[in-house]
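Visitor: Need coordinates for the below:
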Amino acid sequence: MLRDIFILWSRPFESLPKPLYILSIFLASAIFHIIIYYPMTKQLIISPYLTFYLSQGIGCILERAFYKVSGRKVGGWWGRVWMWVWVMGTGSGMVEEYYRIGWVGMMRGALVENGLSPAEGLGRWLGISPDVGIGK
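Guide: As a prediction, the model looks like this:
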């Protein structure tokens, strides 16, 4: 179903210049996330989502421009540094919003109720916590 929604969104915009086409896809993702988080928050949280997702589109456009200028794709060690700096820099508003609405505390509370610290919960999710262990 999500594939169908993506196709319905993207087809009308295929004739746009590539940068606008890329931004329209990331705009669709922002709208999707605004809608799916509404039932949990009972608020339309628009600004952090638009900022984050449109910034990711801008990052993709910048990577395309880098490729056109240099003939090389963004990658390797510096590509990872670029990606982490970009994501962490543009995602801070969304993380702040998660703290503001209490989503982070709620998730931490769910871990504590099950007797897990956040680190233990992450370890269990990764399959490396002491009680799960690799090779057990």
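
Visitor: quick check: domain ranges of this protein?
Guide: Per automatic domain parsing, the domain ranges recorded for the chain read 2-90, 102-136.

Visitor: Could you identify which of those has the lowest mean pLDDT?
Guide: Least confidently modelled of the domains of the chain is domain 102-136, at a mean of 67 by mean pLDDT.

Visitor: What segments of this structure are helices?
Guide: Secondary structure of the chain (DSSP state H): helices located at 2-10, 18-41, 47-70, 76-101, 103-113, 118-126.

Visitor: Using JSON lines, lay out those helices together with mean neighbour count.
Guide: Placement of C-beta: from N, CA and C, glycine included. Shown next, in JSON lines, are the helices of the chain (neighbours: other Cβ atoms under 10 Å):
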{"stretch": "helix 2-10", "mean neighbour count": "11"}
{"stretch": "helix 18-41", "mean neighbour count": "15"}
{"stretch": "helix 47-70", "mean neighbour count": "16"}
{"stretch": "helix 76-101", "mean neighbour count": "13"}
{"stretch": "helix 103-113", "mean neighbour count": "12"}
{"stretch": "helix 118-126", "mean neighbour count": "14"}
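
Visitor: Just send the domains of the chain back as CSV, with distance to residue 96 too.
Guide: Listed next are the domains of the chain as CSV, based on distance: least, Cβ to Cβ, whole Å:
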stretch, distance to residue 96
domain 2-90, 7
domain 102-136, 10
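
Visitor: Could you measure from residue 19 over to residue 30?
Guide: Separation of residue 19 from residue 30 (Cβ to Cβ, to the nearest Å): 16 Å.

Visitor: before we move on, what about residue 84?
Guide: Where residue 30 is concerned, residue 84 sits at a distance of 21 Å (Cβ to Cβ).

Visitor: ok, now residue 92?
Guide: Relative to residue 30, and taking Cβ to Cβ, residue 92 is found at 16 Å.
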